[in-house]
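**Q** all I have is the shape, not the residue letters:
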């Protein structure tokens, strides 16, 4: 973790760089698997599951008995924790429901918006040693609140053909409709094209490795929507002398343990704070089971000293971090200056893990600078907002001449005529 | 416009097909132009303007004097119409502002969302004979309300090196920051990569031909966001015996005049209505200046008869039209059944042209079935919603154990430690 003192704006571009992952080489593999599944359906899915996950599964749909068994092995304290997180995530997302308001823009002209759930969505949850059941909560809870009819979940099976019980438990608790033991490119392809087992979805959600990312990009080209463009997870911490260096170190480490390609940026107005945090990192990391990953991630990471917190915030806006911790004095009064970030954690007790699991905000957030032009996942991600309008006979009489003039000026005579014909009939009748 | 009587669900897929435009051949051209502009900046932009628009322009930025001159040539009645439309569009979009609500999910844990404008956006407005100044209103007005600092507009110059005065007038009225005389792929490339004249934007808006569409797709791969996946414009009308066949015909024709690839679908529970509407189309189209375009578009178009209006609506949801007119009895009470549509026009006096120009709703809408998973442009399109959270010391004490349990179950020890270290210090202090 190299330290930079007062880097000039010309250097900011370089300092805001993320480690990029090339997906070009994967595109050929993605296309091959999609074409195979388009042609051969379930048989092809089975083939790739055997090839990539090393297991052959007779029935890829998870049975109710498997879900019951999963629930039985989850310790009751973890169940309780999942329940509390579920309640918080529900509270936060249910408050995002929009109440339609009719606006009478011109007398007799009524306009409004209403939300409709996306009918069928697909959630991808990676496998591996760490079962990301928290992502199940973050995606299935708002999907259910939105009213999505079909909530499909795919996750790769382990060597014994099972999905981790915590994932099954979270899925069942949050109302996932169907769970399939399929992972990787073949899962995304199956949800994009449909098979005799897996239905076609309209939008794909969830994290994944570079194969899943490349597959989701290809699915988008075929007409599906995606939650967000994917990228490695990242955290920027702005810390001044009011911070607790040990807390800051623990937050940076919690981000760094996500993966070798994670990035953490520490920004301060004090070199001393940076020295202290670095020391705390050295002390804390020794006991972490994922120490190797942490060290890899710290190689992509930077510490920056700026003259003042305002410049530090300006750099943060330039970087546009997925997660931003404000460990500075009077932090809450500085949030108006925050322009680009996925989720912001205010003050010394707001650790990133709170938002990752249980505070209620969503942890599916824009990475890789996308916080400049994308929002994180919210209830909005699971609905479309349809505009409605109703013109009364008075309404068209009031607004008609305006429309006629504009349509004529755009040389769209049929557009004008659609109004004229109505005005004429009203005049005559 | 072929008529289908009671088509079976198995046929719906075929009947919902749009004319697809292949963009694969264009990708090579797009890449070449992007690479050239990346390397040679403004000089390359100038070269392509000369090549595609047949004109060499010394200064591509529109000068204040040009805007003043434009305002002088716009007839005062058209100015007034633009003013009324501007007011209505403003009223509808300003009502979409979200007031942040703090939710206390657990005692001492506060979560909320705040909107921040996307700093710099780019609007593309096509050239040609019909100046689409209405699209300037639909994109620049919400951008201004959102608070976008830089609203960049590119539009191709005509043979004399000018942009249509109505476009310049609308841009000036709505607060566009900079206007450039650049069109096509080179405009999108310049806004994506930046030149010494044109700034880099974060999100691209606006209609365009297949070249612009392919360029916007490529820009997205390079990290920009787009308003919507593009496709030809389309209208579906559901009409029963309460409709006025002449009105319906005028609406179908107004959609059909957009382009050869436009599509109109007429759906009814009565063959008689379809016969009447078709007759009215024949009568009305003869006087239209764009008759050839209309006839081409009608070739891609269909009339469908279903047993009842409920099945008609089911088909409409399956088709997911950009524009939907409900010319049926008791139309407003049927809108709960509408699941997939961009914008809905209710009753006999709500013609599509109203929404195209002046009712207040946005006319930038999802086409090509994308109404299943995308919303049209709204104030939301110009902002990101950032989540904020603040945990007090009590908050982390209340929620901490929940986070620790979940992090441990996901085998993310550093995530757990970020909580534990805080709880320990609070316990000791």
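**A** It's in. Since this is a predicted model, take the numbers as computed values, not measurements.

**Q** residue A:261 falls within a helix, correct?
**A** No. Remark: residue A:261 does not belong to a helix; assigned using DSSP: H, G, I helix; E, B strand; the rest coil, it is coil.

**Q** what's the following helix or strand after the host helix or strand of residue A:166?
**A** In this structure, residue A:166 is located in helix A:165-174 according to DSSP states H and E. Next in sequence after helix A:165-174, counting helices and strands by DSSP H and E, comes strand A:178-181.

**Q** mean confidence score for that next one?
**A** Strand A:178-181 shows an average pLDDT of 98 in the prediction.

**Q** so what secondary structure elements neighbour the following helix or strand past that strand?
**A** The helix or strand immediately downstream of strand A:178-181 is helix A:184-193, counting by DSSP H and E. Applying 3 or more Cβ pairs under 8 Å, 6 or more residues apart in numbering or on different chains; DSSP states H and E, we find helix A:184-193 packed against helix A:24-48, strand A:120-124, strand A:150-155, strand A:203-205, helix A:210-221. C-beta: built from backbone N, CA, C; applies to glycine.

**Q** can you do 6 Å?
**A** helix A:24-48, helix A:210-221 (3 or more Cβ pairs under 6 Å, 6 or more residues apart in numbering or on different chains; DSSP states H and E).

**Q** export the ones you listed as a markdown table, with columns for distance to residue B:126 and mean pLDDT.
**A** Listed next are the helices and strands packed on helix A:184-193 as a markdown table, based on distance: least, Cβ to Cβ, whole Å; pLDDT from 0 to 100:
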| stretch | distance to residue B:126 | mean pLDDT |
| --- | --- | --- |
| helix A:24-48 | 31 | 94 |
| helix A:210-221 | 24 | 93 |
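
**Q** chain B: which of these is closest?
**A** Chain B sits nearest to helix A:210-221 of all the helices and strands packed on helix A:184-193, at 8.2 Å, using Cβ to the nearest Cβ.

**Q** check the offset of the closest one from the chain's centre.
**A** Centroid separation for helix A:210-221 versus its chain: 15 Å, with Cα atoms, centre = their mean, to the nearest Å.

**Q** that one close to chain B?
**A** No. Using Cβ under 6 Å from any Cβ of the partner chain, helix A:210-221 stays clear of chain B, coming no nearer than 8.2 Å.

**Q** ok, and what's touching that helix?
**A** Residues from elsewhere that reach helix A:210-221, judged by Cβ atoms under 6 Å, 6 or more residues apart in numbering or on different chains: A:21, A:23, A:26, A:30, A:184, A:185, A:188, A:192, A:204, A:226, A:230.

**Q** helix or strand next in line after it, which one?
**A** Helix A:210-221 is succeeded, C-terminally, by strand A:225-226 (DSSP H and E).

**Q** quick check: what element follows that following strand along the chain?
**A** Counting by DSSP H and E, what follows strand A:225-226 is strand A:234-239.

**Q** against which helices or strands is that next one packed?
**A** Going by 3+ Cβ pairs under 6 Å, 6+ apart, strand A:234-239 lies up against helix A:245-256, strand A:263-268, helix A:309-319, strand A:323-327.

**Q** can you list the residues of the stretch 51-200 of chain A near chain B?
**A** Looking at chain B, the residues of the stretch 51-200 of chain A close enough under Cβ under 6 Å from any Cβ are A:77-78, A:81, A:84, A:88, A:91-92, A:95, A:101, A:103, A:105, A:109, A:111, A:116, A:118, A:130, A:166.

**Q** give me the buried entries from those.
**A** A:78, A:81, A:84, A:88, A:92, A:95, A:103, A:105, A:109, A:111, A:116, A:118, A:130, A:166 (16 or more other Cβ atoms under 10 Å in any protein chain shown).

**Q** look up how far residue A:188 lies from the first one.
**A** This points to residue A:78. Per Cβ to Cβ, to the nearest Å, residue A:78 is found 29 Å from residue A:188.

**Q** just residue A:373 next, same as before
**A** 24 Å.

**Q** pick out the residue closest to the middle of chain A.
**A** For chain A, residue A:364 is the residue whose C-alpha lies nearest the centre (Cα atoms, centre = their mean; 2.9 Å).

**Q** surely it forms part of a helix?
**A** No. Applying three-state DSSP, one finds residue A:364 to be coil, outside a helix.

**Q** any idea what sits nearest it, other than its immediate chain neighbours?
**A** residue A:377 (3.8 Å; Cβ to Cβ, 6 or more residues apart in numbering or on different chains).

**Q** list the buried residues of stretch A:52-68.
**A** In stretch A:52-68, counting by 16+ other Cβ under 10 Å, buried: A:52, A:53, A:57, A:60, A:62, A:66, A:67.

**Q** how far away from the center of its chain is stretch A:422-429?
**A** 52 Å.

**Q** need the pLDDT of residue A:21.
**A** According to the prediction, residue A:21 has pLDDT 64.

**Q** tell me the spacing between residue A:43 and residue A:188.
**A** 17 Å.

**Q** compare those two (neighbour count), which wins?
**A** Higher neighbour count among residue A:43 and residue A:188: residue A:188, with 32 against 12, using other Cβ atoms under 10 Å in any protein chain shown.

**Q** ok, that one to chain B distance?
**A** 15 Å (Cβ to the nearest Cβ, to the nearest Å).

**Q** and the pLDDT for that residue?
**A** 98.

**Q** run a quick neighbour tally on the residue nearest to it when sequence neighbours are not counted.
**A** Spatial nearest neighbour of residue A:188, excluding adjacent residues (Cβ to Cβ, 6+ apart): residue A:215 at 3.6 Å. The tally of other residues near residue A:215 (other Cβ under 10 Å) stands at 29.

**Q** same thing with the one 10 residues further on?
**A** Neighbourhood size, residue A:225 [other Cβ under 10 Å]: 21.

**Q** doesn't residue A:203 make contact with it?
**A** Yes. Residue A:225 lies in contact with residue A:203 (Cβ atoms under 6 Å); the separation is 4.2 Å.

**Q** what sits in contact with each of these two?
**A** In contact with both residue A:225 and residue A:203: residue B:373, using Cβ under 6 Å, 6+ apart.

**Q** mind checking how far residue A:4 is from chain B?
**A** The value you get for residue A:4 to chain B, if Cβ to the nearest Cβ is used, is 24 Å.

**Q** for the residue nearest to the centre of chain A, give me phi and psi.
**A** phi -90, psi 100 (degrees, to the nearest 10).
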